[in-house]
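*Asks:* Give the three-dimensional model of this entry:
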Amino acid sequence: MPVLNNIHYLDSGSGKDLVLIHGFLGSNALWKYQIKEFQKYFRVIAIDLPGYGKSHKAKPLNGIKQFSKAVEKLLHTLKINNFYLMGHSMGGMIAQEIASKNKNIKKVVLHATGPIGEMPGRFETIQASRKKLKINGVKKQASFISKTWFVKGDKNKNYKICKNAYANISFKTADLSMQAMQNWNGLGNLKKIKIPTLITWGNKDKSYNRQQVEMLKNKIKNSKLKVFGNCAHNTHLENVSAFNKEVLKFLK
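*Replies:* Okay, the predicted model is just below:
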């Protein structure tokens, strides 16, 4: 896996550039099934955000805008200017920041995300998660949170991908990321996103409720919403074929 400025990324396939941004407690490994399929049609750039995955030694960041600047700096260094973009959860917040000001993005997929970092209706407030993180430590709290991402919790066959992803995440990285989300409000960005946008959401998502994705749909002019039944926060790992089919149809 190549590395620039302590940020690791996967570079796979050929064709038009497709940039993937993972979410909180994740890594590019959570895009496993998307990379396998999408690399047939695109050059896929799947980033491990600073503090995450193989970038766990990079300085952790405490702002969504900081994350977006780190991604943009990497893409600039790689001379990736005209590209497709997909972000999941916190990565979707980062994608909104980038899409609101970068006119060279062709299309964007906002997956299981919303425009408000505090996430109204979340299974617990971010402040409560931060308190539990301090008491329980990263692995115990990450296990609790990531179980909510699947309808079947840790019984889902792909839960282990999440478990492996948060194995090297430090307390500082996890806490600063929660601060980043807690302090972020992207409502002002939405009217600036002019490119075709696909919003995807699982109807049993406990992190982002229907109101949040409807807000994205209503405020991003050129957008459409696809709801997946009987899926939670990780639709791309719960119903892989349906998710991939929908995203590819939109991108192609």
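
*Asks:* mind listing what the host helix or strand of residue 43 pairs with, with the direction of each?
*Replies:* Using DSSP states H and E, residue 43 maps to strand 42-47. The pairing partners recorded for strand 42-47 under DSSP bridges are strand 7-13 (antiparallel), strand 16-21 (parallel).

*Asks:* Deepest-packed of those strands, please.
*Replies:* Of all those, strand 16-21 carries the top mean neighbour count, a mean of 24, counting by mean count of other CB atoms under 10 Å. Every residue, glycine included, has its C-beta placed from N, CA and C.

*Asks:* following that one, which helix or strand comes up?
*Replies:* For strand 16-21, the following helix or strand on the C-terminal side (DSSP H and E) is helix 32-38.

*Asks:* returning to what we had before: give me the buried positions along whatever helix or strand comes next after the strand holding residue 43.
*Replies:* Downstream of strand 42-47, the first helix or strand assigned by DSSP H and E is helix 64-77. Of the residues in helix 64-77, 64-68, 70-72, 74-75 count as buried by neighbour count, 16 or more other CB atoms under 10 Å.

*Asks:* do the same with stretch 98-117
*Replies:* For stretch 98-117, by 16+ other CB under 10 Å, it's 98-100, 102, 105, 107-117.

*Asks:* Repeat that for stretch 192-212.
*Replies:* 193, 195-202, 204-209, 212.

*Asks:* ok, how many other residues are close to residue 188?
*Replies:* Neighbours of residue 188 under the rule other CB atoms under 10 Å: 10.

*Asks:* need the helices for the stretch 51-200 of the chain, in chain order.
*Replies:* 64-77, 90-99, 126-136, 138-147, 159-165, 171-182 (DSSP state H, counting those that start in this stretch).

*Asks:* ok, the nearest residue to residue 187 once chain neighbours are set aside to residue 60 distance?
*Replies:* Leaving out its chain neighbours, the residue that sits closest to residue 187 by CB to CB, 6 or more residues apart in numbering is residue 115, at 5.1 Å. Applying CB to CB, to the nearest Å, the value for residue 115 to residue 60 is 24 Å.

*Asks:* show me the residues around the residue nearest to residue 190 when sequence neighbours are not counted that make contact.
*Replies:* Counting by CB to CB, 6+ apart, the nearest residue to residue 190 once its immediate chain neighbours are dropped is residue 219, at 3.8 Å. Contact analysis of residue 219 by CB atoms under 8 Å, 6 or more residues apart in numbering lists 115, 187, 190-191.

*Asks:* mind checking the backbone torsions on residue 219?
*Replies:* Here the main-chain torsion angles of residue 219 (degrees, to the nearest 10) amount to phi -100, psi -20.

*Asks:* can you check the one 5 residues further on too?
*Replies:* Backbone torsions for residue 224, taken as degrees, to the nearest 10, come to phi -140, psi 150.

*Asks:* got a list of what the residue nearest to it when sequence neighbours are not counted touches?
*Replies:* Spatial nearest neighbour of residue 224, chain neighbours left out: residue 198 (6.1 Å); criterion: CB to CB, 6+ apart. Counting by CB under 8 Å, 6+ apart, residue 198 makes contact with 107-110, 223-224, 226, 246-247, 250.

*Asks:* ditto for residue 246
*Replies:* Residue 246 makes contact with 198, 200, 226, according to CB under 8 Å, 6+ apart.

*Asks:* one more time with 6 Å
*Replies:* For residue 246, the contacting residues are residue 226, by CB atoms under 6 Å, 6 or more residues apart in numbering.

*Asks:* re the thing from before, what residues are bridge-paired with the residue nearest to residue 224?
*Replies:* Beta bridges link residue 198 to residue 109, residue 224, judged by DSSP bridges.
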